[in-house]
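>>> just need the structure, nothing else, for what follows:
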Amino acid sequence: MHGLRLQNSVFRISIDRDTGALVSIANPTDTAGMSWIGGPQNAPWQPRGSLWGLGFADLGAGQLHRGRWGEPTSIRQVGETEVAISYQVGSLAVEVARRLVGDALEESYTFRNTGDEPIPMRERGKASLAIYMPCNDHYTSAADVLENRAHAHIWTGGSSSWIAMLRMGGRAPHLGLVLTQGAFDGYSIEDRDQVTLSNTRGTILVHPAIDTLQPGQSATVSWTMFWHKGWEDFFAQALRRSQQMVRIDASDWTNFPGETSTLIFQGQLGSSPSLMRGDTSVPLRRTSKGWQADVAAGEIGEHIATLKYGSGLTTRAVLNTVADLDTTVAARVEFIAQRQQWHKAGDPWDGAYIVFDNEADVPARWERASDRNSGRERVGMGVLLAKWLAETKASSDDIRRSLDRYYSFVCSHLQREDGYVFDDADQPRKRLYNWPWVMQLHLAMASLAKDAPPLRRFAATVESFYREGGAEFYPIGLPIAEGLQALNAAGMTAEHARVSALFVQHGDRLMQRGTQYPASEVNYEQSIVAPAAIILLELHQATGDAKWLRGAQPHIELLELFDGRQPDHHLNGISIRHWDGYWFGKARMWGDTFPHYWSSLNALAWDLQGRATGDRRWQPMARTTLRNNLSLFSADGRASAAFIYPTTVNGRPGYFADPYANDQDWTLVHALQVKKEAPV
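Predicted coordinates for the structure are as follows:
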C-alpha cells in the first residue's frame, strides 16, 4: 500500500493512498506503538474493502443495489494535519475529511445525492448505509493482547453515540470516539467465519441515521477521537468535546415488577429536555447530579426511554422488566424437568437434560455437535435443580424424580468410578472444563441427600481433574470454598486434606504465571481471566491467607475492562463475547452476544472481591451483571443460549434471542450463589 501520514505530538495516522482508508491510529508516546484500529499489520485476514472509513450504501432501483466507496476520485492533503478524500458511487458523492486539531482527531462524512432520483439511505432492520470502523479487538496471545489489542465498547444510541476503547492490559492511553454531528442507529459485524473463528471480534460497521436523500440534498456525520485514562476520564472528555453527548446511568437496568429505576442524564441538555417511555411522558427533574427521572417497571419485556434534548437531538436508554429471581428460577426448573429431559429407554442419553428448540417446541435430540451434546455445559441444568430444591426445601416429587434420573445418568454415562468425566454419554474424550461442573453437581446432590456418596464422588472428581492436568488449566466453576466446607462439615478429614492440597497447588501455579494466561478454546477471553480471579479469591475465602487476595487483584483489574457501561440492559455490566451464538445456538450466528450468561462469572468475582475487601462498590456491580443476564429467560420457563445483539452479522439480521435453550442456566446458578450474601 502507498501511504499518507497525518501527525502531530499526540496522534500518528496512516492512510492508504489507494483507498483513502485509515490503516493505523497510534499515540506517538505509546511505548508499545499500538494501532487502535484493524489494518494490514495487525489483522491480515481483514478484506481491503473493510478498512476504516470505507463503506457502502444501498442505492435503490436503477443503480447498483449496493454501492461501495473505496476508490477515491481525489485526495487533497494540507500539511501534516489535514486531508480531504472524495468518492463517487453511482449518484452518491461521499466526502471524507480528517484533521488533527489540538489533541483530537476529527472525522466527517458527508453524503450528497448528485442524481435526479431520491436515494433511500435507511431501512428498518436492514444495514443499508454503513461506515467501516474495524477496531483492534482481536485475541492472539496474552503477551500480545495486553499491550497491543483493545476492547471496543460501542454505543449507537442516536445523537449520543460513542466508542470507548480500552487497552486489554489496562494501561493508558486509551482511545475514545464521540459523535459530534448526526446520529447512529446501530452497528453490525462482518468477516466472521471458519477462518477467523472465535479469536476476533470481526469488522465493526456503524450505521448513520440518514433517511432518504433528495436530489441535491446532503447529510453529514462527524465525530472526534481522543486519548483518555479510563471510563471516568472517557465520559468527562466526551461530555466536554461533544454537545450531543449524554451520559446515562441507572440505579437498575433490569427491574422486577413493582420496582422503580432512577435514571440520571448528564450533558448539555438545554432548559427543557423531555423523556418518553413508549407513548408515556416521564417527568424529569434537575438535580446536582444532572437531570433525573424515576421510571417504574412496566410489563414484562424491554422498555425504551427516549430522551429529546438540545436542538432536535434524540437518544435512548434501554431498560428491561423480568419476573423476580425466585419466580424465574421456579419456572425454569419446572420447564427443565418437564420439557428438557430425554426419555427413551436404551438410548445412552436417557435421563439427560438436553438442548431444547423453542421454535420446534421439542428437545433437540437430533443435535450431535459437542456443544449441543448430553454433557458439557448442560450439566448446569442439574446443578440448578439441585440448588433450587436445597434452597427452597420444596417438596416437588416430580422435580426430585427428574433430578434423581439425571444424577443417575451422570454417574453411569458421564463419569467413571475413578472420577474421570466424559465429554458426552459414554464418550471419554477429555475436556477439562467438564470436571468442575460435575464437581458442582455432586456437591449440590450432597446438600440434598445429606450422605457421603456424592461427597466421595466429588473428591474423586477433584483428584481425577488434577491427574489429568488441571493445575495448568483455568477452569470455569471450580467449587473450592463450597467443596472444602462440605468435606469439613461431613468429617471427611482425609478427603479434605487431599483436596485442599490440590487446590492450593493449583492456586500457587496461577500465582506463578500471573497474567500470562495460556490459550484455551479461545486464545484470550473473559472466561479465562474470571476463573483466575475467582479461584484465588475462593482460596482466600477458604484459608484466610491474604496472599491469595493480593494475587487476585491483577485479574480483577483486567476483568473489569471486559464490561460495558452503555445505557442498555444488554450491555451494561456485560462482558464482551462474540462466538457463543455460533457454537451453542440454533442460528449458528457469529457476532456479539449481549448478554451471554458467562458474563455472570464476573458477578461471582465482584461478590467475592467485595466480601474480601469490604469495599461496597462490588456488590452493586454483581447485582447489575446478574440482573441484566435475566433477559435470557422467559416467564414461562423457556430460555435462550445467546442474544445476538448487532443489527446484522455477515449480512444476516441480528438483534434476536437464539431459539435454542442450551447452556444458559449457569446464570441462575450464579444468581442463587450470590443471593446467599446479597440480594439480586
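
>>> what sits against residue 390?
Applying CB atoms under 8 Å, 6 or more residues apart in numbering, we find residue 390 in contact with 444, 447-448. C-beta: built from backbone N, CA, C; applies to glycine.

>>> who wins for neighbours among the residues you listed?
Among the contacts of residue 390, the one with the most neighbours (other CB atoms under 10 Å) is residue 444, at 27 neighbours.

>>> residue with max distance from the center of the chain?
residue 116 (44.5 Å; CA atoms, centre = their mean).

>>> quick one on the thing from earlier: take the contacts of residue 390 and write them to CSV, including pLDDT.
Listed next are the contacts of residue 390 as CSV, based on pLDDT from 0 to 100:
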residue, pLDDT
444, 97
447, 93
448, 91
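
>>> residue 669 contacts residue 381, doesn't it?
No - under the criterion of CB atoms under 8 Å, residue 669 is not in contact with residue 381, lying 9.3 Å apart.

>>> higher neighbour count, those two?
Neighbours were tallied for residue 669 and for residue 381 using other CB under 10 Å; the higher tally belongs to residue 381 (33 against 24).

>>> let me know the helix or strand that the more buried one is in.
Under the criterion of DSSP states H and E, residue 381 resides in helix 379-392.

>>> could you point out the helix or strand that follows that helix?
Per DSSP H and E, the first helix or strand lying C-terminal to helix 379-392 is helix 397-409.

>>> what is whichever helix or strand comes after that next one packed up against?
Where DSSP H and E defines the elements, the next helix or strand beyond helix 397-409 is helix 434-449. For helix 434-449, the packing partners by 3 or more CB pairs under 8 Å, 6 or more residues apart in numbering; DSSP states H and E come out as helix 379-392, helix 397-409, helix 452-467, helix 480-489.

>>> again, only using 7 Å
When contacts are defined as 3 or more CB pairs under 7 Å, 6 or more residues apart in numbering; DSSP states H and E, helix 434-449 sits against helix 379-392, helix 452-467, helix 480-489.

>>> got JSON lines for these, with mean pLDDT and distance to residue 336 too?
Converted to JSON lines, the helices and strands packed on helix 434-449 look like this (pLDDT from 0 to 100; distance: least, CB to CB, whole Å):
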{"stretch": "helix 379-392", "mean pLDDT": "95", "distance to residue 336": "5"}
{"stretch": "helix 452-467", "mean pLDDT": "97", "distance to residue 336": "20"}
{"stretch": "helix 480-489", "mean pLDDT": "97", "distance to residue 336": "22"}
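
>>> among those, which is nearest residue 146?
For the helices and strands packed on helix 434-449, proximity to residue 146 was assessed by CB to CB; helix 480-489 is nearest, at 26.0 Å.

>>> show me how far the helix or strand encompassing residue 144 is from its chain's centre.
Assigned by DSSP H and E, residue 144 falls within helix 142-148. Its chain's average C-alpha position is 19 Å from that of helix 142-148, according to CA atoms, centre = their mean, to the nearest Å.

>>> what does stretch 314-334 give?
The chain centre lies 18 Å from the centre of stretch 314-334; the measure is CA atoms, centre = their mean.

>>> quick one: mean pLDDT over it.
Mean pLDDT, computed over stretch 314-334, is 97.

>>> just the CA coordinates of that stretch, formatted as CSV?
Presented in CSV, the C-alpha positions along stretch 314-334 are these (Å, rounded to 0.1, in the frame of the first residue of the first chain):
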residue,chain,number,x,y,z
THR,A,314,-32.6,12.3,20.5
THR,A,315,-31.0,9.4,22.4
ARG,A,316,-32.3,6.5,24.4
ALA,A,317,-31.9,4.2,27.4
VAL,A,318,-32.9,0.6,27.1
LEU,A,319,-34.5,-0.9,30.3
ASN,A,320,-35.9,-4.4,30.9
THR,A,321,-38.6,-5.9,33.2
VAL,A,322,-38.4,-9.5,34.2
ALA,A,323,-40.1,-11.8,36.7
ASP,A,324,-38.3,-11.7,40.1
LEU,A,325,-35.5,-14.2,40.6
ASP,A,326,-37.4,-16.7,42.6
THR,A,327,-40.2,-16.8,40.1
THR,A,328,-37.8,-17.0,37.2
VAL,A,329,-35.9,-19.9,38.7
ALA,A,330,-39.0,-21.8,39.7
ALA,A,331,-40.5,-21.5,36.2
ARG,A,332,-37.2,-22.6,34.7
VAL,A,333,-36.7,-25.6,37.0
GLU,A,334,-40.2,-26.8,36.1
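
>>> thanks again, I'm all set now.
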